[in-house]
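Engineer: Take a look and give me a structure for this.
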Amino acid sequence: MKCGAQKYLEEIGSFVSKHSGAKIKLKKVERYNFRVGSLKDTSYKNTDLLQEWEQFYLPDEMKMVVIGVLENFPCGEDSAELVLMVCEDGNVFAYEDERLHLVASSLKELLEFGVHFPGSTYYHCGQSFEDMTKDDWNKVKNSEEAREKRQKHQDMLESIKPTLLRNLKIIKQRLQEEPPPGGREMGVPLPVS
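Structural biologist: Numbers count the residues shown, from 1 in each chain. You can find the predicted model right below:
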C-alpha cells in the first residue's frame, strides 16, 4: 500500500473512532440511519471479515476501513445492517450477503449523491481467484509469504513428531497387551443352526 493511501485510511479510521455512534443522513436511503463506526461496532464484530474483504473479493488485495452501517437495511440473511467501507483507492463498498457492492467512487460522492445500492458492480468471495492463470498461482505459491507459512507448518510438524511417535508406540503396546472388547477369544465355535 502506498504511503498516501495508508495515511488516507488512517485519517478515515481516526475520524470513525472520534465520531463513532454519530448518525448521518445519506441521500437515496434517508429512511435508514447511517451510523458511523468501525467493524467492532457492527454485527460482524467478532469475525475476520475485514481481512476476507481485503484479500478475497476484489481483483487486487486492497486495504479497507469500515466507516459504519446503514441500520435496519433490508439486506442479506445474516444481518439487518449494510456495512460500508472505504478502500485504499477511495472507492466505497457495501457488504451484503457474501457480496461487496461498489456504492460510490469516493466518500465525497457518497455524501453528495448517496448510496447506489445494489451496486452496478459487485464482487463475491473468491472472485479474486477465478481469473488466475497457472503462472499467477505459481507466483502465489512461490511467494515469500507462502514459503514462510510452509516452513512454519513443517517446523510445527517436526516439533510434534517425537510426541506423536511415542504416543503411537504406547497405543500399539496397549493393543497388544489388552484383551479385545468382550474378552479374549477362547477358540469355542459358535453354534450354528
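Engineer: Mind naming the longest helix for the protein?
Structural biologist: Looking across the chain with DSSP state H, the single longest helix is helix 144-177.
Engineer: need the contact list for Gly68.
Structural biologist: Contacts for Gly68 (C-beta atoms under 8 Å, 6 or more residues apart in numbering) come out as Val16, Ile24, Phe34, Arg35, Val36, Gly37, Asp41, Val83, Leu84. To be clear about C-beta, it is placed using only N, CA and C from the backbone, and glycine gets the same treatment.
Engineer: is it true that it lies in a strand?
Structural biologist: Yes - assessed with DSSP: H, G, I helix; E, B strand; the rest coil, Gly68 lies in a strand.
Engineer: With pLDDT, neighbour count and secondary structure added, can I get the contacts of Gly68 in JSON lines?
Structural biologist: Formatted as JSON lines, these follow (pLDDT from 0 to 100; neighbours: other C-beta atoms under 10 Å; DSSP: H, G, I helix; E, B strand; the rest coil):
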{"residue": "Val16", "pLDDT": "94", "neighbour count": "20", "secondary structure": "helix"}
{"residue": "Ile24", "pLDDT": "86", "neighbour count": "13", "secondary structure": "strand"}
{"residue": "Phe34", "pLDDT": "89", "neighbour count": "24", "secondary structure": "strand"}
{"residue": "Arg35", "pLDDT": "91", "neighbour count": "18", "secondary structure": "strand"}
{"residue": "Val36", "pLDDT": "95", "neighbour count": "20", "secondary structure": "strand"}
{"residue": "Gly37", "pLDDT": "94", "neighbour count": "22", "secondary structure": "coil"}
{"residue": "Asp41", "pLDDT": "91", "neighbour count": "19", "secondary structure": "helix"}
{"residue": "Val83", "pLDDT": "92", "neighbour count": "26", "secondary structure": "strand"}
{"residue": "Leu84", "pLDDT": "94", "neighbour count": "26", "secondary structure": "strand"}
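Engineer: So which elements touch the longest helix of the chain?
Structural biologist: The helices and strands touching helix 144-177, judged by 3 or more C-beta pairs under 8 Å, 6 or more residues apart in numbering; DSSP states H and E, number zero.
Engineer: buried ones in the helix or strand hosting Leu50?
Structural biologist: Using DSSP states H and E, Leu50 maps to helix 49-56. With burial defined by 16 or more other C-beta atoms under 10 Å, the residues of helix 49-56 counted as buried are Leu49, Leu50, Trp53, Glu54, Phe56.
Engineer: would CSV of those residues with pLDDT and distance to Glu10 be doable?
Structural biologist: Formatted as CSV, these follow (pLDDT from 0 to 100; distance: C-beta to C-beta, whole Å):
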residue, pLDDT, distance to Glu10
Leu49, 86, 20
Leu50, 89, 15
Trp53, 89, 18
Glu54, 90, 15
Phe56, 86, 23
